[in-house]
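Participant: Just the structure for this:
(chains A, B, C and D)
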Protein chains: 2
Amino acid sequence: MSIQTRKERERAERERLIITAARELAESEGWDAVTTRRLAAEIEYSQPVLYSHFKGKDAIMAAVAVQGCAEMAAELRTARTAAKGARAALAAVGEAYTSFGRRRPALYDAMFTHAVDLPFATEEAPAPLKEAFGELLAAVAPIAAEGDDTGLLTETYWAGLHGLVTLMRSGRLPEGAHEQRLALLIGHFTATS
Amino acid sequence: MSIQTRKERERAERERLIITAARELAESEGWDAVTTRRLAAEIEYSQPVLYSHFKGKDAIMAAVAVQGCAEMAAELRTARTAAKGARAALAAVGEAYTSFGRRRPALYDAMFTHAVDLPFATEEAPAPLKEAFGELLAAVAPIAAEGDDTGLLTETYWAGLHGLVTLMRSGRLPEGAHEQRLALLIGHFTATS
DNA sequence: TCTTGTCCCTAGCAGTGCTAGCGAGGAGTC
DNA sequence: GACTCCTCGCTAGCACTGCTAGGGACAAGA
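Facilitator: Below is the predicted model of the structure:
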């Protein structure tokens, strides 16, 4: 019994190790550098071990993405609760969101551009995903107009932020004017339509 | 002299063939199916021939992207000029943009999500890119408020549309409510802040 | 002590993008 | 028309990818 639990504990520990290694490698050298061989070397096990923990590379990325969502949720919450007033909160969350996307591109990609086999807009989405969206929702809800569907409004705001981050990060929008674009987006969302 | 021009003509023809094959393959089976081997077989030449025309696979994708931009520009123009009034034009362009992204996912990805070395926000961007952006600009400019930077406003609107398309296409936003989200986005952009 | 079973590693598969170097055949020269 | 040269596309192969089959060591239980 005790041996069994020790083994399970060690196994869980190793799984955490894999996720951490994948994440650090991705953050320092990009996802292209995260190969199964490299990852295996990093955790000091052979490649097949990875597949005893995860279905494949995508599943590892998904696990990293979930971690990333938890962190983003925390950052969004901090920004939101520190702000005074509904408009300020919306702006702070927008700022925090885009800042996260720029500071942690690898994490952001895993969360919102790459991995796909995570259930997103459904009931059985992982808790951290719902948390992060919940933070956005909590910031958007107060500025919603009468009769607005706050869920849809949040999704739309999210899309705006996501578009800014991805287009900028891929070099399609110049970085310099980011603050102004963000201000425009927020301004139009706090205006009553 | 004549021989030379014939050769150049044939070469240009073959280059067009490559781009077309890449595009059709991508549109029917996705970019993952577009391998250099597959592409070479499609044009009935060997792989190295591809590299005498393009620097690499990315360059082929970039060429497809430029084609896609030209088509999108045309569709946006049609939508914009057919609409009566500034608000209607903005809505029509937004509709046309997202519709394009959903109807031609492979083309859209080449243009706006895949990392390409195309110069985007600079003077020497390929003409079709500037055309497509120009169409957005022409739709946004009439609804800009006093003192707004229409360029930045257009970029922000573009980001909103892009976010909607990508998040929806990757399964992160449910498809069903797309029209409502689009309406929300447009509504907030046509409102004076 | 011997058997059983778990777990991990070595080796390999079928692909990928890309490139070196050869050989055929057309172009230019006498 | 014959000869040289040189262009051009091919075959073959490199270094890499994600992933998997199979054996072999080591620990657990009888």
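Participant: shaky segments in chain A?
Facilitator: A:1-4, A:115, A:192-193 (pLDDT under 70).
Participant: State which one residue of it is found closest to DNA strand C.
Facilitator: Of all residues in chain A, A:Ser46 sits closest to DNA strand C, at 3.2 Å by C-beta to the nearest atom of the strand. For every residue, glycine as well, the C-beta is placed using N, CA and C.
Participant: Just want the phi and psi numbers for that residue.
Facilitator: Note on A:Ser46: its backbone torsions stand at phi -90, psi 160 [degrees, to the nearest 10].
Participant: Which residues are in contact with it?
Facilitator: Residues in contact with A:Ser46 (C-beta atoms under 8 Å, 6 or more residues apart in numbering or on different chains) are A:Ala40.
Participant: Quick check: it vs DNA strand D, distance?
Facilitator: From A:Ser46 across to DNA strand D, the span is 7 Å (C-beta to the nearest atom of the strand, to the nearest Å).
Participant: A:Ala125 and A:Phe112: what is the separation?
Facilitator: 13 Å (C-beta to C-beta, to the nearest Å).
Participant: the more surrounded of the two?
Facilitator: A:Phe112 (25 against 17; other C-beta atoms under 10 Å in any protein chain shown).
Participant: For the closest residue to that one other than its chain neighbours, pull up the helix or strand it's in.
Facilitator: Distance criterion C-beta to C-beta, 6 or more residues apart in numbering or on different chains; nearest residue to A:Phe112, sequence neighbours excluded, is A:His162 at 6.1 Å. Using DSSP states H and E, the element containing A:His162 is helix A:150-169.
Participant: For that helix, list the C-alpha coordinates in PDB.
Facilitator: Provided in PDB are the C-alpha atoms of helix A:150-169 (Å, rounded to 0.1, in the frame of the first residue of the first chain):
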ATOM      1  CA  THR A 150     -22.800  39.900 -20.800                       C
ATOM      2  CA  GLY A 151     -21.400  36.600 -21.800                       C
ATOM      3  CA  LEU A 152     -21.400  37.600 -25.500                       C
ATOM      4  CA  LEU A 153     -20.100  41.000 -24.700                       C
ATOM      5  CA  THR A 154     -17.200  39.500 -22.800                       C
ATOM      6  CA  GLU A 155     -16.400  37.200 -25.700                       C
ATOM      7  CA  THR A 156     -16.400  40.200 -28.000                       C
ATOM      8  CA  TYR A 157     -14.100  42.200 -25.800                       C
ATOM      9  CA  TRP A 158     -11.900  39.100 -25.400                       C
ATOM     10  CA  ALA A 159     -11.700  38.800 -29.200                       C
ATOM     11  CA  GLY A 160     -10.600  42.400 -29.500                       C
ATOM     12  CA  LEU A 161      -7.800  41.900 -27.000                       C
ATOM     13  CA  HIS A 162      -6.800  38.700 -28.600                       C
ATOM     14  CA  GLY A 163      -6.700  40.300 -32.000                       C
ATOM     15  CA  LEU A 164      -4.500  43.000 -30.700                       C
ATOM     16  CA  VAL A 165      -2.100  40.600 -29.100                       C
ATOM     17  CA  THR A 166      -1.800  38.200 -32.000                       C
ATOM     18  CA  LEU A 167      -1.600  40.700 -34.800                       C
ATOM     19  CA  MET A 168       1.000  42.700 -32.900                       C
ATOM     20  CA  ARG A 169       3.100  39.700 -31.900                       C
END
